[in-house]
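> here you go, sequence then predicted model.
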Amino acid sequence: MDHYRDFSLGEFVWDKPFRSWVLSPTREEDETWQSWLDANPDKRETVERARQLVLSIRPANASLSSPEKRKALERIVERLEVRGPEVVESLHLPWYAGRPARIAAMLVLLAGLAWIFWLRHQPKAIGYDQLVAAANVEMRETVNKTAHPLTVPLEDGSRITLDPGSKMSYPAHFSSSRHGGARHTGARREVFLSGKAFFDIAKDPSRPFFVYANELVTKVLGTSFTIRSYTNEREVSVAVKTGKVAVFSREDPDATEKQSSRELTGVVIEPNQQVVFVRKTVKITKSLVPEPEVVANAGAAPHFEFDEAPVSAVFSALQSAYGIEIIYDKNIMDECPVTATLTEMSLYEKLDLICKAVDASYKSIDGRIVVEGKGCRNN
Amino acid sequence: MKALTRPGLRPDLYFEEEQKLWREMLAGDVTAYEHLIDRTYDLLFHYGTKFNSDRELIKDCIQDVFLSVWEKRNALNPEIPPKPYLLASLRRRLHRLASRLRMDCMDYYNESDIVFDIEFSVEYQLIESENDRLVASRMTEMLNELPKRQKEAVFLRFYNDMEREEIAMVMDIQPQSVSNLLQEAFKFIKSHWKAIVSLALTLPF
């Protein structure tokens, strides 16, 4: 690998082993390149640029839809049957050698193979029971068997509200700063959740609070949020009400580092944002909660009445009320005056109304709102 | 480390699987035959459309290729790599077809219909920096300016991960000629590369 030290951008782009890693990486190649990059951090930028170039420059291919392909494939096999000598013999063949029987057998075989494939490629799900069993301190468990939410006060002043059917394990006593685990630098408060719960965590920056819910780890310093993590559901989600939390996957190679870091690293989410972890694809995405609410400490009661106000004033009022970043082109949009009374509407209803008024549209991308419009210069 | 410095070594599992299907198919296994078609069809189709834009004609030719493989299965070598063999058969068939058509209706089909032609393009949204978008766009222009046979060799080598001998088999030329084509292509790319980068970048490179 030494000769890569002197590689320029262009040499990387046309280097076959490099392309092979970028276009169809094997685990082995991935490890080799990652360790090379760790040893040569100054080449990181060049490698990343080369990677983007390799991925983006492609031959233009005529599209071939899968039904079209399937049809062509069937046609070949049909012809084969017609041409093949089997047709002549088939008159004397027993029933199980006939074409329908063979097709059926093939389908059964394929289904079986597909099933085996599916079984082998299930990512290993990490569940509550394994997590609790792995904890090496004395644990208490609370199960909400009632039909109502159940609030569990913890010794540090945090309050956790369990939904019906959910359960939580927590240590009898949280470790104090002095008696922190030998392996870790600091003390921490750790609980395990199965199901859905709302967390209102007492502030204690010296002892960060961790919630382990299936594959996701949520780290907080002091805040309130909801976690939904049912063992039999395909997704695990974390939605924030106040403050900030960091979420990362247990499988994340940097997970231990992220846990012990003093700052919040990982995917950081803020009020009205949520993180959804799709268990099957092991993918974390950040988005807005379905129904954003006005953030409690948004200062004075927000007022949503506007009279010929520039659109930027409207957006900034919404932004501070909901704590959600709104991105738009100030130069183009600011000439649009808005007159509206937006109280008692959900955030999305408000946005619908404003966008209709100024002839724009909005999208929610990566936990933020992006507004696009042509402006109102001609009005 | 070794795997990367030794040229020509590649993730073998995938190729072994294809070879296995090929062997089973030659032994008369219809399921293997169908799997093999399924795995190679897209490549053959994309390759075919580089010669001729008539989709149905390409599909017919691919069909003929596979049917004749099945018919000749007792005579075929189980150890030849299937992908280059199939591509080569398709290429021959397209050529033959074109020359026959040329004889039938002289004006309609001409030489250019049977020449490999390919257009490279850039997906700009995959590139972060403005500079690199410029680099990518110039590089693509340059690839598109390559002579057609060089383009074909570049396409097979860098976009289909083929070795020199395999490309020679597909293009029906000597392995040495493949090396020459690739060398010329790279001489061209390299000579323009400096200009591209200095145009696009003011940063030290």
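Sure, I can see it.
> now residue 151, nearest residue through space, not along the chain?
Went with chain A since none was named. A:Thr161 (4.8 Å; CB to CB, 6 or more residues apart in numbering or on different chains). All C-beta atoms are positioned from the backbone trio N, CA, C, and that covers glycine.
> wait, chain B
B:Ile118 (5.5 Å).
> let me know how buried the one you found is, in neighbour terms.
21 (other CB atoms under 10 Å in any protein chain shown).
> residues in contact with whichever strand or helix holds the residue nearest to A:Thr151: which ones?
Following DSSP states H and E, one finds A:Thr161 within strand A:159-162. Outside strand A:159-162, the residues that touch it by CB atoms under 8 Å, 6 or more residues apart in numbering or on different chains are A:142, A:144, A:149-154, A:168, A:191, A:195-200.
> for those residues, which one is nearest A:Asp2?
Nearest to A:Asp2 among those is A:Val191, at 49.0 Å by CB to CB.
> in the strand holding A:Thr161, which residues are buried?
By 16 or more other CB atoms under 10 Å in any protein chain shown, the buried positions in strand A:159-162 come out as A:160-162.
> show the average pLDDT along it.
Strand A:159-162 comes out with an average pLDDT of 91.
> then stretch A:54-62?
83.
> likewise for stretch B:73-86?
Here the average pLDDT along stretch B:73-86 is 89.
> that one near chain A anywhere?
No - using CB under 8 Å from any CB of the partner chain, stretch B:73-86 stays clear of chain A, coming no nearer than 11.0 Å.
> contacts for that stretch, please.
With CB under 8 Å, 6+ apart, stretch B:73-86 has contacts from B:15, B:18-19, B:21-23, B:25-28, B:36, B:40, B:43-44, B:65-66, B:69, B:160, B:162, B:166-167, B:169-170.
> which of the residues you listed are buried?
Judged by 16+ other CB under 10 Å, buried ones among these: B:18-19, B:21-22, B:25-26, B:36, B:40, B:43-44, B:65-66, B:69, B:160, B:162, B:166-167, B:169-170.
> what's the local residue count around B:Tyr41?
20.
> OK, contacts around residue 23?
Let's take chain A. A:54-55.
> if you could check chain B rather than the one you did, that'd help
B:Arg23 neighbours (CB under 8 Å, 6+ apart): B:Pro78.
> quick check: A:Phe12 touching A:Thr46?
Yes - applying CB atoms under 8 Å as the test, A:Phe12 and A:Thr46 come out as touching, 6.6 Å apart.
> neighbour count winner among the two?
Using other CB under 10 Å, the more surrounded residue of A:Phe12 and A:Thr46 is A:Phe12, with 20 against 17.
> B:Glu123 versus the residue nearest to A:Phe7 when sequence neighbours are not counted, what's the distance?
Distances taken as CB to CB, 6+ apart place A:Asp15 nearest to A:Phe7, at 7.0 Å, with adjacent residues excluded. Going from A:Asp15 to B:Glu123 by CB to CB, to the nearest Å gives 21 Å.
> A:Val236 now?
For A:Val236 relative to B:Glu123 (CB to CB), the value is 32 Å.
> specify the local secondary structure of the spatially most central residue of chain B.
Against the mean C-alpha coordinate of chain B, by CA atoms, centre = their mean, the closest residue is B:Leu156 at 3.5 Å. Secondary structure state of B:Leu156, per DSSP: H, G, I helix; E, B strand; the rest coil, is helix.
> ramachandran coordinates for A:Leu109?
The phi/psi pair for A:Leu109 (degrees, to the nearest 10) reads phi -60, psi -50.
> secondary structure element holding the residue nearest to it when sequence neighbours are not counted?
Excluding the flanking residues, the one nearest A:Leu109 by CB to CB, 6+ apart is B:Thr31, at 7.5 Å. Assigned by DSSP H and E, B:Thr31 belongs to helix B:30-49.
> and that helix, what does it pack onto?
Applying 3 or more CB pairs under 8 Å, 6 or more residues apart in numbering or on different chains; DSSP states H and E, one finds that helix B:30-49 contacts helix A:66-83, helix B:12-26, helix B:55-71, helix B:82-104.
> centre of the chain to the third one, how far?
The one in question is helix B:55-71. 17 Å (CA atoms, centre = their mean, to the nearest Å).
> please report phi then psi for residue 173.
Using chain A. phi -130, psi 130.
> that answer is for a different chain, and I need it for chain B
Per degrees, to the nearest 10, the backbone of B:Ile173 is at phi -140, psi 170.
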